[in-house]
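1. here's my sequence, what's the structure:
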Amino acid sequence: MNEGTIPAAPDMTALASDIRRWAGELGFDGAGIAAPELATDEAHLLRWLRAGRQGTMHYMGRHGVKRARPAALHPGTVRVICVRLDYRPAGVPEDATVLAAPGHAFIARYALGRDYHKLMRQRLQKLARRIEAAVGAFGYRAFVDSAPVLEKALARNAGLGWIGKNTLLLSREAGSYFFLGELFTDLPLPADTPPGEHCGSCRACIDVCPTGAITGPYQLDARRCISYLTIEHHGPIPEALRPLMGNRIFGCDDCQAVCPWNRYARPTDEADFHPRHGLEQAELVTLFRWDEDTFLKRTEGSAIRRLGHERWLRNIAVALGNGPATEEAVTALQERASHPSELVREHVHWALTRLRGEHSGSP
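-> Residues are numbered from 1 along each chain as shown. Model prediction:
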C-alpha cells in the first residue's frame, strides 16, 4: 500500500456471507443478520406487561422498552448477528413416555445436559474475533440470555424462523428445539428477510398446554406456564395449578412436542447437551432424596442449579403429590415434612394430603 492510501471499505455483502460460513464452522446450526426494527414487537411487549402476564418476573417491567431497542442496550448497534444452536439430544425417551410414568421426573430437554450459556458465549466471541481479523476493530457485544433482548423477534428478522402460536421461534428446517444467541454490532451488514409464518390453522400447541397458559394464538400468560412456575417463580405454586403440572419438575415441552414442525428437529451431536446423571428418566423419589450437597454436585454446570435446592424440592413435592400413593413416595415426603423451609413444608403437606386422600379413597 502506498503511503497515504486509505484502506478500501470491506464488502459487507461478502462479509455477511463469510459470517454465516464462520458461524457454521464454529458449530452453530444457523446464522442470519437482523435489522433491529422492533416497533411492532415493542407494542406487543408493552401490552403484555400492562396485563401483568409476566407474573413475578419484575425485572421485565424494569427493563421496559430497552428490550425492544438494541441501540439503547448497546449504543451504536445497527445490525444484530443472530445464531441458532440445536440442543435436543438423540436417544432420549419420548416426552409422552416420561409423562406417562408418574413415578419419573420430566425435565425440559434443554436442561438435561450442561448449561448452554457459556458454550454459546465462547463461540460468539470466537465469531467476533474472526470478523475483527477480517475487517479490523469494530463495535460489538455478545448476548446469550444475559440482558434484556427480544431474541426471538431479532432471530425472526434475521430469517431464522417465525414466531409461532406458542410464542416460540419455529423453523421449517429445525423445528424449535434450539438456543439463540446474538452479536450486536455497528457493522452495516445487509439484513436478511424475515420468513413468512407457517402455522396456518394449526392450534395443537394451544390445545395441549396443561394449564391453559397459551390463551390464544401468540398469547402466553406466564403466570400459568409450567416453565415459569417451576423455574422463574420463587414463591408457592398456586394450588389450582399444581394438579395440572403432573410430573414436570423443571420446565415443560408440551407445546414443542406436538408442533408438526418439530418432525424436522435435528438431534444434536453436541456432547455438552447429552443427558447427565440419568436425568432423562430419573425417579422422583431418588431426586427428592438428594441433600443440598448432592444437588449442587449433580447440577454443577447445569441450568437446573439456578433453582437452588429449596425450589427443587418444592417442584418434586408437587410431582410426587400428583403421582401414585406408593409407600415409597409417602415415606420420602414424610422425611421432608419438617424441612427448615416453609416453602418446602407447605408443598410437602399438600402432596401428603393428596396421597393420603388417595389411600383412603376420598376424592
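
2. low-confidence ranges in the stretch 1-150 of the chain?
-> 1-9 (pLDDT under 70).

3. for Gln334, give its distance to Arg289.
-> To Arg289, Gln334 is 12 Å away according to CB to CB, to the nearest Å. The C-beta positions use only the backbone N, C-alpha and C, and glycine is treated the same way.

4. out of these two, which sits in the busier spot?
-> Arg289 (15 against 11; other CB atoms under 10 Å).

5. isn't that one right up against Ala332?
-> Yes - between Arg289 and Ala332 there is a contact at 6.1 Å, judged by CB atoms under 8 Å.

6. tell me where the stretch 201-350 of the chain has helices.
-> 204-208, 226-227, 254-257, 284-288, 292-298, 308-321, 327-335, 342-360 (DSSP state H, counting those that start in this stretch).

7. then the stretch 1-150 of the chain?
-> 12-25, 39-50, 58-63, 70-73, 95-99, 116-135.

8. out of those helices, which is closest to Leu279?
-> Leu279 sits nearest to helix 95-99 of all the helices of the stretch 1-150 of the chain, at 10.5 Å, using CB to CB.

9. that closest one packs against which elements?
-> Applying 3 or more CB pairs under 8 Å, 6 or more residues apart in numbering; DSSP states H and E, one finds that helix 95-99 contacts strand 106-107, helix 254-257.

10. the first one pairs with which strands?
-> Partner strands for strand 106-107, per DSSP bridges, with pairing direction: strand 248-250 (parallel).

11. so what's His76 up against?
-> Actually, residue 76 is Gly. It isn't His. 139, 186 (CB atoms under 8 Å, 6 or more residues apart in numbering).

12. how close does it sit to Leu170?
-> When Gly76 is compared with Leu170 (using CB to CB), they lie 31 Å apart.

13. next: Leu45.
-> 19 Å.

14. repeat for Leu38
-> Distance of Leu38 to Leu170, given as CB to CB: 18 Å.

15. neighbour count winner among the two?
-> Using other CB under 10 Å as the criterion, Leu38 and Leu170 rank with Leu170 on top: 27 against 21.

16. give the helix, strand or coil label for the more buried one.
-> strand (DSSP: H, G, I helix; E, B strand; the rest coil).

17. gap between the two ends of stretch 220-227?
-> Stretch 220-227 stretches 12 Å from its first residue to its last (CA to CA, to the nearest Å).

18. ok, stretch 260-269 next?
-> Using CA to CA, the end-to-end distance of stretch 260-269 comes to 22 Å.

19. so which bits of that stretch are buried?
-> Under the neighbour-count criterion of 16 or more other CB atoms under 10 Å, stretch 260-269 has 261-262, 265-266, 268 buried.

20. spatially nearest residue to Trp290 (excluding sequence neighbours)?
-> Sequence neighbours aside, Arg298 is the residue nearest to Trp290 in space, at 6.7 Å (criterion: CB to CB, 6 or more residues apart in numbering).

21. show me the contacts for that neighbour.
-> 276-277, 290.

22. please convert the buried members of these into PyMOL selection syntax.
-> Per 16+ other CB under 10 Å, the buried members of the contacts of Arg298 correspond to this PyMOL selection:
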select buried, resi 276+290
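
23. save the buried residues of stretch 260-269 as JSON lines, and put in distance to Glu328 too.
-> Below are the buried residues of stretch 260-269 laid out as JSON lines (distance: CB to CB, whole Å):
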{"residue": "Trp261", "distance to Glu328": "40"}
{"residue": "Asn262", "distance to Glu328": "35"}
{"residue": "Ala265", "distance to Glu328": "35"}
{"residue": "Arg266", "distance to Glu328": "38"}
{"residue": "Thr268", "distance to Glu328": "34"}
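
24. so which of these sit within strands?
-> Among the buried residues of stretch 260-269, DSSP state E puts none in strands.

25. still on that earlier bit, mind putting the contacts of Arg298 into TSV with distance to Met60?
-> Putting the contacts of Arg298 into TSV (distance: CB to CB, whole Å) gives the following:
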residue	distance to Met60
Arg276	30
His277	32
Trp290	31
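
26. thank you, goodbye.
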